[in-house]
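This is the structure alone, sequence omitted:
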């Protein structure tokens, strides 16, 4: 079964359940780390396309301690955890006890699937054999598109669903295209201790995941994530010839923000300024009506599986290395 069909069936069941309780009023996306950041594309889509449904993101830990008061029987909560993060399981219980309907995204079964109403298995973005349409970010986006279509109607629904079939081929071509470029970037940055990642709009979530999960967690490098517009409200003061800057250029309405930041970076930055353009890695192969919403899926996979890996190979640091994660107590 195609992922679009599986998601459509689950969402229909969830929406039908909510309809008996007065309908869906809001969607809350919950996770930790990459599972949290992976929902950015779904959340961004709903912010742009929904006229009635409210969408928000919340980290698992914050939801446990400070769940919004409006979480109730008219709320759909979508949670993601690869192996069953303790805080995400507890967040699911808080959502359940508040009367919300819940959907769990998971790789390995855990208590999370036991305490949620519906579940969808996804494939890890980090594995080469995983299909891009079946990673967590893509499934989250598919859920958002189906919820919107069920509740309000989505004029580009059929186009969007057919676009999921194109994701994996686009990604495979992007890997071939970017690998030699990433090797050069990695060689240039092999001694760099800080890498700024700058993006906006539909690519901001991918920038965030690249910073905290790839560069900081996996390679133990400092990596501030900066919004392309907010770059001019402070961060641009650190720009100089020696600074390593990784600028994402998204497709979609906010691209001018990225291009403005890039123009300044090109004036005052140096040879360690790097640009990854969504148009060059296949996003223009999708119709413009839906292309922006797939920025996260394409960018995140290329950044994780090409750029992070190449930097790891060049620095001779295994990206499996951790200092604290899974080794020290941090409950």
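Yes, it's here. Every value quoted in this text rests on a predicted model; they were computed, and no experiment measured them.

Domain boundaries for the protein, per the record?
3-154, 166-315 (automatic domain parsing).

Ok, which of those comes nearest residue 330?
Counting by CB to CB, residue 330 lies closest to domain 3-154 out of these; the figure is 10.6 Å. The C-beta positions use only the backbone N, C-alpha and C, and glycine is treated the same way.

Can you give the distance of stretch 139-158 from its chain's centre?
Centroid separation between stretch 139-158 and its chain, computed with CA atoms, centre = their mean, to the nearest Å, is 17 Å.

rewinding a little: can you lay out the domains of the chain as JSON lines showing distance to residue 325?
Shown next, in JSON lines, are the domains of the chain (distance: least, CB to CB, whole Å):
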{"stretch": "domain 3-154", "distance to residue 325": "10"}
{"stretch": "domain 166-315", "distance to residue 325": "7"}
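
Export those domains to a markdown table and append columns for mean neighbour count, mean pLDDT and distance to residue 329.
Listed next are the domains of the chain as a markdown table, based on neighbours: other CB atoms under 10 Å; pLDDT from 0 to 100; distance: least, CB to CB, whole Å:
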| stretch | mean neighbour count | mean pLDDT | distance to residue 329 |
| --- | --- | --- | --- |
| domain 3-154 | 20 | 97 | 12 |
| domain 166-315 | 20 | 97 | 18 |
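
Longest helix in this structure, please.
Ordering each helix of the chain by length in residues (DSSP state H) puts helix 157-188 first.

distance between the following helix or strand past that one and the chain's centre?
Using DSSP states H and E, the helix or strand that follows helix 157-188 in sequence is strand 195-199. Strand 195-199 has its C-alpha centroid displaced from the chain centroid by 15 Å (CA atoms, centre = their mean).

distance of residue 298 from residue 37?
Distance, residue 298 to residue 37, by CB to CB, to the nearest Å: 15 Å.

dump the residue contacts of the spatially closest residue to residue 128 that is not a sequence neighbour.
Nearest residue to residue 128 in three dimensions, chain neighbours excluded: residue 305, at 6.9 Å (CB to CB, 6 or more residues apart in numbering). By CB atoms under 8 Å, 6 or more residues apart in numbering, residue 305 lies in contact with 125, 126, 128, 175.

Keep only those of these that are in strands.
Under the assignment DSSP state E, the contacts of residue 305 contribute nothing to strands.

residues contacting the residue most central in space within the chain?
Per CA atoms, centre = their mean, the C-alpha nearest to the average position across the chain is that of residue 38, at 2.7 Å. Residues in contact with residue 38 (CB under 8 Å, 6+ apart) are 31, 80, 125, 135, 136, 137, 140, 205, 209, 296, 300.

Tell me what the first one is bridged to.
Read that as residue 31. Note on residue 31: beta-bridge partners by DSSP bridges are residue 59.

Could you do the second one as well?
The residues listed as beta-bridge partners of residue 80 by DSSP bridges are residue 105.

can you pull out the strands in the stretch 151-300 of the chain?
Assigned by DSSP state E, counting those that start in this stretch, the stretch 151-300 of the chain shows strands spanning 195-199, 225-227, 244-249, 273-277.

closest one to residue 75 among those strands?
The nearest among those, by CB to CB, is strand 225-227 at 27.9 Å.

Quick one: residues in contact with the closest one.
With contact meaning CB under 8 Å, 6+ apart, strand 225-227 is reached by 196, 197, 198, 199, 200, 204, 207, 208, 210, 211, 212, 235.

Do you have the strands of the stretch 1-150 of the chain handy? List them.
Remark: strands of the stretch 1-150 of the chain, listed N- to C-terminal, are 26-31, 54-59, 75-81, 101-106, 118-121; assignment by DSSP E, counting those that start in this stretch.

okay, these in JSON lines with distance to residue 181 next?
What follows is the strands of the stretch 1-150 of the chain, written out as JSON lines (distance: least, CB to CB, whole Å):
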{"stretch": "strand 26-31", "distance to residue 181": "30"}
{"stretch": "strand 54-59", "distance to residue 181": "31"}
{"stretch": "strand 75-81", "distance to residue 181": "30"}
{"stretch": "strand 101-106", "distance to residue 181": "31"}
{"stretch": "strand 118-121", "distance to residue 181": "33"}
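
Which one of these lies nearest to residue 258?
strand 54-59 (21.4 Å).

orientation of that closest one relative to strand 26-31 in degrees?
Angle between the axes of strand 54-59 and strand 26-31 is 20 degrees (criterion: axes from the mean of the first three to the mean of the last three CA atoms, to 10 degrees).

Strand 54-59 packs against which elements?
The helices and strands touching strand 54-59, judged by 3 or more CB pairs under 8 Å, 6 or more residues apart in numbering; DSSP states H and E, are strand 26-31, helix 40-49.

Kindly reformat those as JSON lines containing distance to residue 224.
Converted to JSON lines, the helices and strands packed on strand 54-59 look like this (distance: least, CB to CB, whole Å):
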{"stretch": "strand 26-31", "distance to residue 224": "21"}
{"stretch": "helix 40-49", "distance to residue 224": "17"}
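
looking at the ones you listed, which is closest to residue 265?
Residue 265 sits nearest to helix 40-49 of all the helices and strands packed on strand 54-59, at 22.9 Å, using CB to CB.

and that closest one, how far from the chain's centre?
In terms of CA atoms, centre = their mean, the centre of helix 40-49 is found 11 Å from the chain centre.
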